[in-house]
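Trainee: Here is the input, now give the coordinates:
(2 chains)
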Amino acid sequence: MRKLYSNKLTIILFILPALILFLVILVAPIFLSGYYSFFDWNGFGKKIFIGLENYKELLTSNSIGFIKALGNSLLLALLSVVVQLPLALGLALLLGKGRKGERGFLSIYFMPVLISTVVIGQLWLKIYNPSYGILNVVLRSLGLDSLARIWLDRKTALGATFVPILWQYVGYHMLLMYAGIKSVPIEYREAAMIDGAREGQVNRYIILPYIKPILKISTIFAVTGSLKSFDLIYVLTNGGPLHATEVPSTLMINMLFLRNRYGMGSTIALLLIIMCFAFALIIGRIFKDKED
Amino acid sequence: MKLSDIFQNRNKKSRPQGESSLKIGIKGKEVWVYIIFGIWALINLFPVYWMFTFSLKSNKEIFGENVAGLPKEWLWSNYVKAMNVGNIEKYFVNSVIVAIVTIVIVMLISLMATFALTRFIWKGRKQMNKFFMLGLTIPIHASIVPIYVTLSKLHLLNTYFALIIPYAAFSLAMGILVCTGFMQELPMDLDEAACIDGCGTWGIFFRIIVPLMKPAVATVSIYTFLQCWNELMFANIFVSDSAHKTLPVGVQALSGQYMTDWGPVGAALVLATFPTLIFYAFFSKKIQESFISGAIKG
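Mentor: Residues are numbered from 1 along each chain as shown, chains lettered A, B, ... in the order given. Okay, here's the model as predicted:
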């Protein structure tokens, strides 16, 4: 048996397909992107080495607007943390108390996560439609004509694209938190209740500390997800009008496939990855500090 | 904390929560909780309801006569238009093909890797496992340029292959994560018994281990399926001919084509969404579990 399970050749045969796929599609491209980021390259012609010029241009040029795009995605990250996650936590705490029908509500709240972002984007395009969209129709029928507007114009587009993004994933975070809350042994809660703790205190001192690993994961997902956000913005505005809703991902796609600047696109991709890892580490650190 | 089987476990060790002392709620407060539940449910359900109703209406109804009600005249012809003129039928088939082949590849490769990672004794297997787990956090962004350039050099853009391989690679970490959880639970006695009966490594793998991994296969398949079904960025870039487009890209193209005629667009949205939702209606627990185990390491 031991002999069977320490045969080097068999180990290699079993692990190799996964390793190759992983190295070729996930790992190597990171290094390749890093390499491309030092070049001025249109994808097929000759690569011209320009050192750190791409990075310099990206961080200083106003016409590219990377800083603005980054600011937008950081704003989205902030909103996810202060709006989406508390909403999800509140719902999860209310649902986790063993009320009648909690499973049904849970299933309804999780549903938007399963719907393709393209569908959600198209649907919200119709909701926001200035003439026939349900939002303006409702506002007009309530006599609030003055509030009805072109939602995806320069002034409100950013907010209008954030709403469906935040809306779609509340259910996802809620599900994770709900699962965590349900794993709190009921004896803990009962002991606290017998000691006279009120519901708010049970939540604060028993449940929240217990589900902290999940709060950490949710925060990391919310922040890195916001930095990477692409689908809904691409469908709703594609970064427009006049870059009002630009985020790094839409900027990257435009660089690559509208302007054929593969070096610059790679630079954006690499910076995005570095930021995602950095934020994941920082958030992990913040949660660890609180543990002590 | 093992969360993936939360729904089965939660009442085994403890008394059902409904009977516990936590249930001493004040009536008036309970009503408010249900009102909040109801409002949030409405916010989640209404867009889907609205999508379904306008997929069956004429522009005349959508644009004024009957904005939010059930259709007065059920226009199934919108669906015919979306399927035939809008090509949704083809995109649907493409999505199914891509998703199924991806699932088969992910399952086979991650089961094999997990077998080597959990059953075999070798130096560095822990590090290898950690290395694969990095895949859970790597964003797809860095892959776009290198894969696009490589695919175009190999003339593989606009093929199913161009989507299947990247999708499989990005689902691999999740596959290994879930399979490891399940495979570690299988006792080594099984392998030893099979070994004594004359099974080789491949025999143990295919005849003993794989048949016992059904719950893991279900979890990973559901997760992978939804990833493939809904993915936009790769699908949008690697495939541009309508013969290989998947649903998200197809729906996007169709709504550009039918700017002013909302009915067929609605029909396409419904066709892209309802298969998933109907499946969800029957297997909601399993689907939720697969998302939980994809997010939280055992």
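Trainee: Report whether the helix or strand hosting A:V138 contacts chain B.
Mentor: Under the criterion DSSP states H and E, the helix or strand holding A:V138 is helix A:134-141. Yes: interface with chain B: helix A:134-141 contributes A:I134, A:V137 (CB under 8 Å from any CB of the partner chain). The way it works is simple: take the backbone N, C-alpha and C, and place the C-beta from them, glycine included.
Trainee: Give me the contact list for that helix.
Mentor: For helix A:134-141, the external contacting residues (CB atoms under 8 Å, 6 or more residues apart in numbering or on different chains) are A:126-130, A:145, A:147-149, A:151, B:50, B:67-68.
Trainee: which one of these sits closest to A:N62?
Mentor: A:N62 has its nearest neighbour among those in A:W151, at 26.8 Å by CB to CB.
Trainee: tell me the contacts of that closest one?
Mentor: Taking CB under 8 Å, 6+ apart, we find A:W151 in contact with A:Y128, A:P130, A:G133, A:L135, A:N136, A:A157, A:A160.
Trainee: go on, B:I88?
Mentor: Taking CB under 8 Å, 6+ apart, we find B:I88 in contact with B:A82, B:L247, B:G250, B:V251, B:L254, B:A267, B:A268, B:L271, B:A272.
Trainee: my read: the third one touches B:N87, true?
Mentor: Yes: B:G250 sits in contact with B:N87 when judged by CB atoms under 8 Å, with a separation of 6.4 Å.
Trainee: Where does pLDDT dip in the chain?
Mentor: You didn't pick a chain, so chain A it is. Low-confidence regions of chain A, defined by pLDDT under 70, span residues A:290-292.
Trainee: um, chain B though
Mentor: Within chain B, the stretches with pLDDT under 70 are B:1-27, B:297-298.
Trainee: Farthest pair within the contacts of A:W151?
Mentor: Pairwise distances across those (CB to CB) peak at 15.1 Å, for the pair A:N136 and A:A157.
Trainee: In the stretch 51-200 of chain A, which residue sits nearest chain B?
Mentor: Using CB to the nearest CB, A:G98 is the residue of the stretch 51-200 of chain A that sits closest to chain B, at 3.3 Å.
Trainee: ok, now how distant is that residue from B:A41?
Mentor: The gap separating A:G98 from B:A41 is 18 Å, by CB to CB, to the nearest Å.
Trainee: what does A:R99 give?
Mentor: From A:R99 across to B:A41, the span is 13 Å (CB to CB).
Trainee: Helices of the stretch 151-298 of chain B, start to end?
Mentor: Assigned by DSSP state H, counting those that start in this stretch, the stretch 151-298 of chain B shows helices spanning B:161-185, B:188-196, B:201-203, B:210-212, B:214-230, B:233-238, B:247-257, B:262-295.
Trainee: Out of those helices, which is closest to A:H243?
Mentor: Smallest distance to A:H243 across those (CB to CB): 19.6 Å, for helix B:233-238.
Trainee: Need the contact partners of the closest one.
Mentor: Applying CB under 8 Å, 6+ apart, the contact partners of helix B:233-238 are A:230-231, A:234, A:249, A:253, A:256-257, B:140, B:144, B:147-148, B:151, B:157-158, B:162-163, B:166-167, B:245-246, B:248-249, B:252.
Trainee: before we move on, the earlier item: mind checking the SS state of the residue of the stretch 51-200 of chain A closest to chain B?
Mentor: coil (DSSP: H, G, I helix; E, B strand; the rest coil).
Trainee: Give the buried residues for the longest helix along chain A.
Mentor: Using DSSP state H to define each element, chain A has its longest helix at helix A:262-291. For helix A:262-291, a neighbour-count test (16 or more other CB atoms under 10 Å in any protein chain shown) marks A:262-273, A:275-276, A:279-280, A:283, A:287 as buried.
Trainee: So what does A:F49 look like in phi/psi?
Mentor: The phi/psi pair for A:F49 (degrees, to the nearest 10) reads phi -70, psi 120.
Trainee: who are the neighbours in contact with it?
Mentor: A:F38, A:F39.
Trainee: Who is it paired with across the strands?
Mentor: In this entry, A:F49 is beta-bridged to A:F39, by DSSP bridges.
Trainee: Reformat the helices of the stretch 151-298 of chain B as a markdown table; add mean neighbour count.
Mentor: Putting these into a markdown table (neighbours: other CB atoms under 10 Å in any protein chain shown) gives the following:
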| stretch | mean neighbour count |
| --- | --- |
| helix B:161-185 | 23 |
| helix B:188-196 | 14 |
| helix B:201-203 | 15 |
| helix B:210-212 | 13 |
| helix B:214-230 | 22 |
| helix B:233-238 | 22 |
| helix B:247-257 | 23 |
| helix B:262-295 | 21 |
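Trainee: circling back to that earlier point, identify the farthest-apart pair in the contacts of helix A:134-141.
Mentor: Longest distance between any two of the contacts of helix A:134-141 is 21.4 Å, between A:D145 and B:W50; criterion CB to CB.
Trainee: which one of those two has more residues nearby?
Mentor: Using other CB atoms under 10 Å in any protein chain shown, the more surrounded residue of A:D145 and B:W50 is B:W50, with 18 against 11.
Trainee: surely the more buried one meets B:A68?
Mentor: Yes: taking CB under 8 Å as the definition, B:W50 is a contact partner of B:A68 at 6.6 Å.
Trainee: who's in contact with B:W122?
Mentor: B:W122 sits next to A:S6, A:K8, A:I11, B:A116 when contact means CB under 8 Å, 6+ apart.
Trainee: Quick check: the gap between the last one and A:I273.
Mentor: Yep, that's B:A116 we're talking about. 28 Å.
Trainee: Also B:F279?
Mentor: Distance, B:F279 to A:I273, by CB to CB: 33 Å.
Trainee: Same question for B:I88.
Mentor: The gap separating B:I88 from A:I273 is 35 Å, by CB to CB.
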